[in-house]
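Enquirer: Pasting a predicted model and its sequence here:
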Amino acid sequence: DVKVTQSSRYLVKRTGEKVFLECVQDMDHENMFWYRQDPGLGLRLIYFSYDVKMKEKGDIPEGYSVSREKKERFSLILESASTNQTSMYLCASSNPGLALGTQYFGPGTRLTVL
Amino acid sequence: DAKTTQPTSMDCAEGRAANLPCNHSTISGNEYVYWYRQIHSQGPQYIIHGLKNNETNEMASLIITEDRKSSTLILPHATLRDTAVYYCIVRVAGYGGSQGNLIFGKGTKLSVKP
């Protein structure tokens, strides 16, 4: 069974803290994605990666960075957390080509920044 | 903006077929139709996708009209666990760049009632 796991389901941080969200997939997928989901705004793509050490900005990359040192792991970093980054963060993975739209999502991390 | 239009909500009786419509009148020839669902507090789950032929898998059937301007997702025997928000997404096939995006609209909230 395909599996995408995220390091925490719930996280509470303070403004200005550096925050790491980890995502691991066990399907040997080449592509990995980070989204955030907010009420009324749907899912928005933050960053994605199509290979180890490769990354591309999505629609809302400001305030975030990512790291992909190993194929199975994709990390989202909030360098200095702010209250407007309170959100549900979702990681996904897929294979390239025609399978690119078939993305497998993790359970999500609900981050609260105080 | 999402390129699809879906009803905001629908109800379905348990054990009956749930038919969820989606309009995508501006779909291009190289765009697939994808369906995902999101059960409360979980990550989105891939259901099915198609280009122009009808498709069926263990979860659902996808009926695409001949002009490809609309489609219907069919859950043949809805259960209470199928209560979720269902998203219809169109995206190009292939690999690379922002084509990796899945643009989720507001979806249809399906409530399956006993």
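Expert: Received the coordinates, thanks. Residues are numbered from 1 along each chain as shown, chains lettered A, B, ... in the order given.
Enquirer: Can you name the residue of chain B nearest to chain A?
Expert: For chain B and chain A, the shortest gap (Cβ to the nearest Cβ) falls at B:Gly43, measuring 3.3 Å. To be clear about C-beta, it is placed using only N, CA and C from the backbone, and glycine gets the same treatment.
Enquirer: Ignoring the adjacent residues along the chain, who's closest to that residue?
Expert: A:Phe105 (3.3 Å; Cβ to Cβ, 6 or more residues apart in numbering or on different chains).
Enquirer: Tell me the bridge partners for the one you found.
Expert: Beta-bridge pairing of A:Phe105 under DSSP bridges involves A:Ala92.
Enquirer: Please give me every residue in contact with it.
Expert: A:4, A:90-92, B:43-45 (Cβ atoms under 8 Å, 6 or more residues apart in numbering or on different chains).
Enquirer: Show me where chain A has its strands.
Expert: Secondary structure of chain A, counting by DSSP state E: strands at A:4-6, A:10-13, A:19-25, A:31-38, A:42-49, A:56-57, A:64-70, A:73-78, A:87-94, A:104-105, A:109-113.
Enquirer: Pick out whichever of the contacts of A:Phe105 sits closest to B:Ala13.
Expert: Among the contacts of A:Phe105, B:Gln45 lies closest to B:Ala13 (Cβ to Cβ), at 22.4 Å.
Enquirer: Quickly note the distance from that closest one to A:Tyr89.
Expert: From B:Gln45 across to A:Tyr89, the span is 17 Å (Cβ to Cβ, to the nearest Å).
Enquirer: residues contacting residue 57?
Expert: All of this refers to chain A. Neighbour list for A:Lys57: A:Tyr47 [criterion: Cβ under 8 Å, 6+ apart].
Enquirer: I was after chain B.
Expert: Counting by Cβ under 8 Å, 6+ apart, B:Asn57 touches B:47-48.
Enquirer: One more: A:Tyr104?
Expert: Residues counted as contacts of A:Tyr104 (Cβ under 8 Å, 6+ apart) are A:2-4, A:25, A:27, A:29, A:92-94, B:46.
Enquirer: Doesn't B:Arg81 belong to a strand?
Expert: No: B:Arg81 sits outside any strand when classified using DSSP: H, G, I helix; E, B strand; the rest coil, being helix.
Enquirer: Look up the closest residue to A:Val4, ignoring the ones flanking it.
Expert: If the residues on either side of it in the chain are set aside, A:Val4 comes closest to A:Gly106, at 3.9 Å by Cβ to Cβ, 6+ apart.
Enquirer: Surely the one you found is in contact with B:Gln42?
Expert: No: with contact defined as Cβ atoms under 8 Å, A:Gly106 does not reach B:Gln42; the gap is 9.4 Å.
Enquirer: higher neighbour count, those two?
Expert: Using other Cβ atoms under 10 Å in any protein chain shown as the criterion, A:Gly106 and B:Gln42 rank with A:Gly106 on top: 25 against 14.
Enquirer: so who does that one touch?
Expert: By Cβ under 8 Å, 6+ apart, the contact list for A:Gly106 reads A:4-6, A:23, A:90-92, B:43.
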